[in-house]
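Asker: any chance you can model this:
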Amino acid sequence: PPSPPPPAPYIVSISPSAASLLSLPPPSISLKTYLKTFTGCTGPSIATIYGCHCGTQYFGQLGDGRAVTISELNGQEVQLKGSTTTPFSRGFDGKATLRGSVRELLGCEGLNGLKVPTTRALCVVGTGDYVHRPWYTDGEPSTERKFPPNHMIRERGAVLTRFCPSFLRLGHFEIHALRGETAELLTLIEHGIEVLGLQSTGTLSVDVRNLVEAVARNQAVLMGEWMRVGYCQGNMNSDNTSVLGLTLDLGPFSFMDSYSRGFQPFTSDGGGMFSFCNQPSAALTAIKVWSAAVTSVLEDNDKSKEIVKAAEDTYRETFKGEAEDV
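Answerer: Residues are numbered from 1 along each chain as shown. Below you'll find the model as predicted:
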C-alpha cells in the first residue's frame with residue numbers, strides 16, 4: 001500500500017554514476033523529482049517473502065518487511081528500503097535509519113568502484129522523522145565488542161533507493177521448500193533460470209543442476225573479490241545472499257584497516273562464524289543448504305544428492321581459481 005508522506009523530506013546524497021546507469025536526469029537539475037519519486041511508496045509496488053538459514057539452522061520467514069520494488073529501469077529492479085511496512089513486516093515499522101542508509105550507499109558505491117559485484121545505491125532521502133533502534137550503551141561500535149546492541153535509542157529516519165538486475169535471494173527458494181510449497185518452488189526455479197540467463201532444457205533435473213551450479217559459481221567469484229579487497233560482510237545468512245553473486249544488504253559490514261583472519265565487524269557473531277577468513281567456507285555451507293532445498297522438488301533422492309555434490313564441487317573449483325588470482 002502507499003506509504004504516508006514523510007513530514008520533512010530532504011536529499012542526503014545522490015550517486016551521479018548510479019543515476020546515469022538508470023538514465024535518470026542529473027541530480028543538479030531535478031532534486032524535486034528525486035524527492036517526489038524516492039521518498040515514499042506512492043504507487044504500485046511489490047514486496048516479496050523469503051526465509052533464512054544461518055549455518056545449517058533455519059529461522060523461517062524473515063523478509064521482506066521494509067523493501068519494496070517500485071519499478072524496472074534499463075533492466076534494473078529498483079527498490080525503496082525503509083519507506084513503508086509490507087505484509088511481511090512481522091510487526092516491525094518498515095523504516096530505515098539515516099545512519100544505516102548512508103552506510104549502505106557508501107558501501108555499495110565503494111565496492112562498485114573497486115570492481116566488486118554489488119547492488120547499486122541511487123540515493124538516500126532523509127524523512128524528517130525518527131525511528132527507534134537498538135544501540136550500545138557504551139557509545140560507538142567496536143570490532144572488539146562481542147555482544148549485540150543492548151538498549152534503544154532514537155535515530156533519524158531515511159529511505160534508501162537501490163537497484164540491481166534482480167534481488168532474487170537464496171532465501172526466496174528456501175521459504176517455499178521449508179513449507180513444502182512445491183508449485184511455488186518450481187515457479188522460482190523457472191524464474192531463477194531466466195534471471196541467470198540460462199536456457200531451460202525441458203528436463204527438470206538438468207535445469208536444477210544448471211541453476212545451482214551457476215549460483216555456486218557466482219558465490220565463489222564474489223568470495224574471491226571480497227577477499228581481494230579486505231571486505232567483511234558481517235552477516236552472511238541466506239536472506240542476504242544473492243543468486244547473482246552480488247554484495248547485498250550491507251548492514252554490519254566493514255573493510256579491514258590491517259589484516260586479521262578473525263576480523264568481524266558484526267558484534268552479534270561472537271563466535272566468528274562469518275569472520276573475514278571464514279567467509280568462503282560460510283558461502284559454501286550456504287550453497288549446500290540452499291541446493292538441498294532447491295533439489296527437494298525432485299523425486300529421485302539419489303539425483304538430488306548428486307546435484308548438491310555438483311554444486312559443492314563447482315564452488316570449490318571456482319573459488320580455487322579466484323584465490324589463485326588474488
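Asker: find me the pLDDT at Pro83, would you?
Answerer: Rather than Pro, residue 83 is Ser. Per-residue pLDDT puts Ser83 at 82.
Asker: for Cys54, give me phi and psi.
Answerer: The phi/psi pair for Cys54 (degrees, to the nearest 10) reads phi -120, psi 110.
Asker: contacts only, for it.
Answerer: 237-238, 273 (Cβ atoms under 8 Å, 6 or more residues apart in numbering). Yep, even glycine has a C-beta here, placed from its N, CA and C like the rest.
Asker: swap in 7 Å and give it another go.
Answerer: The neighbours of Cys54, taking Cβ atoms under 7 Å, 6 or more residues apart in numbering as the test, are Asn237.
Asker: elements contacting the longest strand seen in the chain?
Answerer: Criterion DSSP state E: the longest strand present in the chain is strand 120-135. Applying 3 or more Cβ pairs under 7 Å, 6 or more residues apart in numbering; DSSP states H and E, one finds that strand 120-135 makes contact with strand 10-14, helix 16-21, helix 98-113, strand 151-164.
Asker: okay, Leu248 and Glu190: tell me how far apart.
Answerer: From Leu248 over to Glu190 the distance is 22 Å, taken as Cβ to Cβ, to the nearest Å.
Asker: angle of the longest strand of the chain against strand 151-164?
Answerer: 170 degrees (axes from the mean of the first three to the mean of the last three Cα atoms, to 10 degrees).
Asker: tilt between strand 120-135 and helix 98-113?
Answerer: Using the same axes, to 10 degrees: strand 120-135 against helix 98-113 is 140 degrees.
Asker: in its sheet, which strands sit next to strand 120-135, and in what direction?
Answerer: strand 10-14 (antiparallel), strand 151-164 (antiparallel) (DSSP bridges).
Asker: could you report the neighbour count for Arg261?
Answerer: Neighbour count for Arg261, taken as other Cβ atoms under 10 Å: 9.
Asker: now swap in Asp129 and tell me
Answerer: When counting by other Cβ under 10 Å, one arrives at 14 neighbours for Asp129.
Asker: need the pLDDT of it.
Answerer: Per-residue pLDDT puts Asp129 at 91.
Asker: buried residues in stretch 295-304?
Answerer: With burial defined by 16 or more other Cβ atoms under 10 Å, the residues of stretch 295-304 counted as buried are 295-298, 304.
Asker: of the residues you listed, which is the nearest to Asn218?
Answerer: If you rank the buried residues of stretch 295-304 by distance to Asn218 using Cβ to Cβ, Thr295 comes first, at 17.8 Å.
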